[in-house]
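Participant: I'd like to go over a predicted model; first the sequence, then the structure.
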Amino acid sequence: MKTFCLAISLFLLTFTTLSAQDIDASIKNLDSRLDKLKQEQKKIKAELEQYKLQGIQRDLKKWGLPKAEAGEKIIEHSAMSLVYSEEHEQAKWVAHIVLPDIIEGSVGRSNDFRIDPKVTTGSAVEEDYFLKYLQKDSTYTYDGFGYDRGHLAPSADFRWSKTALSESYFYSNMSPQVADFNRGRWAELEGLVRGYLYHNSNTQLYVVSGPILKDDLPVIERGINKLSIPKLYFKVIADVKNKKAIAFIMPNQLITYPVESFAVSIDKVEEETGIDFFANMPDDLENNLEKQRTPNDWFPPKAKDDVEPIYAPSLPAAHFNTIQSKLYIGKGKPITVCGTVVSTKLSRKGNIFINLDKKFPNQVFTVSIFKNAAYNFSYDPVEELIGKTICVRGTVSSFGGVPSMSIKSEEAIIFYEDGAY
């Protein structure tokens, strides 16, 4: 009996050992197959990226390039093309295409700023923006000249391609921008372009960006090449598939007005720069796109009802628009602020909140009527004020950084129609 039990035990041990070996072999086999699939996937992605880059150059030539003037050379990179101004040591314009691939793109910033080898006359260099000195501890100290290396074609527009993103750091794609501009409204405009594709992922955008270059521009005196410092920048955008276009001209400075305040037609940018955009398009399509100026077509759905602040010089004396109101936060001085009611809300506690010009979460000015003051109104502000252009008088405070005004009676509100009371 003992012999029989021992035999059974040996059999079971052998079976268990064989089963364990089979499991380990299966795991090893599947890991090997998975690794091969990953390698194949990597190879396919690299090949696909190259075809997409070729497609960008094809489409740029077909639809997206401005007209090159006599003596100008169009420099082609993997995903952008440009004309370089030797006189100003920066691009006159940079054209590129933003693909819906940015939605899933995950390539990070490379920060490999470098000379553009295709600019035969020599592009700008690092020493045009700052100097750096190596210290004994192997760190650097920096002596900046006061300007950011501002991208014309933003690197984030290429985050689906390591090659294209890296090339966006050529100095030919840089221009000296005030930090508050580069990191403020200019960056916001770049985000607006990408945001459009999140809601219209069935298309691609043709974008041309650049400085407005003039003969009398100041220069960075301490830089090697003495780069011109632009006063204005432009960006033109076209969705050819959906036949929509818009353009922007923005000053190179701290901007408090919202991006849409700087929207213009492409025709207007052509007038200011002398550049013939989208010159290879059929004339009827080009003319249709370049006359458009409809900012709301380019903003997220929640912002569709937002409006531009009232043009300040059109207001009566001692009246301010919603952007100017920020200057009076905490001053304790009653002022009159004018704007369009784009949203109203009655809270659970019975308080009324009214946003002028921009809705939550992008509000720029909020009027509050607390519950204990609501009975002072002969009408329902929530229903009656929506869509109306009004002026409100009171002191301005800050609510989460947003200019706000609390009013207690309907006498604090005056309806503003066509610039007159």
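Facilitator: Received, thanks.

Participant: all contacts plus neighbour counts: C-alpha atoms, from now on.
Facilitator: Will do.

Participant: longest strand anywhere in the protein?
Facilitator: Secondary structure of the chain per DSSP state E: the longest strand is strand 335-346.

Participant: what packs against whatever helix or strand comes next after that one?
Facilitator: Of the helices and strands lying after strand 335-346 in sequence (DSSP states H and E), the nearest is strand 352-356. Helices and strands touching strand 352-356, by 3 or more Cα pairs under 8 Å, 6 or more residues apart in numbering; DSSP states H and E, are strand 335-346, strand 366-369, helix 381-384.

Participant: Let me know which of the ones you listed is the nearest to W186.
Facilitator: The closest of the helices and strands packed on strand 352-356 to W186 is strand 335-346. By Cα to Cα, the value is 24.4 Å.

Participant: what angle do that closest one and strand 352-356 make?
Facilitator: Taking axes from the mean of the first three to the mean of the last three Cα atoms, to 10 degrees, strand 335-346 and strand 352-356 form an angle of 120 degrees between their directions.

Participant: helices and strands around strand 335-346, which ones?
Facilitator: Contacts defined by 3+ Cα pairs under 8 Å, 6+ apart place strand 335-346 against strand 319-321, strand 352-356, helix 381-384, strand 389-394.

Participant: swap the cut-off to 10 Å and go again
Facilitator: Here strand 335-346 touches strand 319-321, strand 352-356, strand 366-369, helix 381-384, strand 389-394, strand 413-415, going by 3 or more Cα pairs under 10 Å, 6 or more residues apart in numbering; DSSP states H and E.

Participant: and K214, what does it touch?
Facilitator: By Cα atoms under 10 Å, 6 or more residues apart in numbering, the residues touching K214 are 88, 228-232, 273.

Participant: List the ones among those residues that fall in helices.
Facilitator: Counting by DSSP state H, the part of these found in helices is T273.

Participant: Using a markdown table, please lay out the helices and strands packed on strand 352-356 together with distance to S261, mean pLDDT and mean neighbour count.
Facilitator: A markdown table is the format used below for these (distance: least, Cα to Cα, whole Å; pLDDT from 0 to 100; neighbours: other Cα atoms under 10 Å):
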| stretch | distance to S261 | mean pLDDT | mean neighbour count |
| --- | --- | --- | --- |
| strand 335-346 | 14 | 94 | 22 |
| strand 366-369 | 19 | 96 | 22 |
| helix 381-384 | 27 | 92 | 14 |
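
Participant: Kindly reformat the ones you listed as CSV and extend each row with distance to V107.
Facilitator: Below are the helices and strands packed on strand 352-356 laid out as CSV (distance: least, Cα to Cα, whole Å):
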stretch, distance to V107
strand 335-346, 38
strand 366-369, 39
helix 381-384, 46
